[in-house]
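[1] mind looking at a prediction? Sequence and model below.
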Amino acid sequence: MIVGTLRIPFLPERRAAVLEILRSVQGPVKAQPGCISCHVCEEQGPEPAAVLLERWESEEALRAHLRSDAYRHILGAFELADCAPDVRFDHVMSSEGMELIERERGHR
């Protein structure tokens, strides 16, 4: 699985435009083959930013996404950034859920 995290810092006057772009591609991204999830979040505080969180089944699915029209729109949101966006693609080799919490909390 690959987790994409795109953090786009914005000036207050560009907030609506950045979030509108990201929210407009959310549905098309979710519909792409291999997309597990796609969420848009907003960080508030002294350095506000829009965050796009994506999860992909495979490297091939991510590569197709990066070549898609939807990603072209995401790159358009980068153009509105206050400074360089933070872009990360983390390749996850394993994951755990409640079983990890239960296992660790049960060792008390």
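    Thanks, I have the structure now.

[2] counting contacts, what elements does the longest helix seen in the chain pack onto?
    Ranked by residue count under DSSP state H, the longest helix found in the chain is helix 15-30. With contacts defined as 3 or more Cβ pairs under 8 Å, 6 or more residues apart in numbering; DSSP states H and E, the packing partners of helix 15-30 are strand 35-43, strand 49-56, helix 69-78. Glycine gets a C-beta too; all of them are placed from N, C-alpha and C.

[3] beta partners of the residue nearest in space to the middle of the chain?
    With distances taken as Cα atoms, centre = their mean, residue 53 lies nearest the centre of the chain, 2.0 Å away. Applying DSSP bridges to residue 53 gives these bridge partners: residue 5, residue 39.

[4] measure it to residue 12 for me?
    Shown here: residue 53 relative to residue 12, a distance of 22 Å by Cβ to Cβ, to the nearest Å.

[5] want to throw the helices and strands packed on helix 15-30 into JSON lines with distance to residue 92 and mean pLDDT?
    Output for those, formatted as JSON lines (distance: least, Cβ to Cβ, whole Å; pLDDT from 0 to 100):
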{"stretch": "strand 35-43", "distance to residue 92": "11", "mean pLDDT": "97"}
{"stretch": "strand 49-56", "distance to residue 92": "9", "mean pLDDT": "98"}
{"stretch": "helix 69-78", "distance to residue 92": "20", "mean pLDDT": "95"}
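
[6] nearest to residue 3, out of the ones you listed?
    Residue 3 sits nearest to strand 49-56 of all these, at 5.4 Å, using Cβ to Cβ.

[7] any idea how far the closest one is from the chain center?
    Counting by Cα atoms, centre = their mean, to the nearest Å, strand 49-56 is centred 1 Å from the centre of its parent chain.

[8] shift numbering so it begins at 54
    Sure, I'll start counting at 54 from here, so that last one is strand 102-109.

[9] any buried residues in that strand, and which?
    Neighbour counts over strand 102-109 (16 or more other Cβ atoms under 10 Å) mark 102, 103, 104, 105, 107, 108, 109 as buried.

[10] and the furthest pair within those?
    Maximum distance among the buried residues of strand 102-109 (Cβ to Cβ): 21.6 Å, for 102 and 109.
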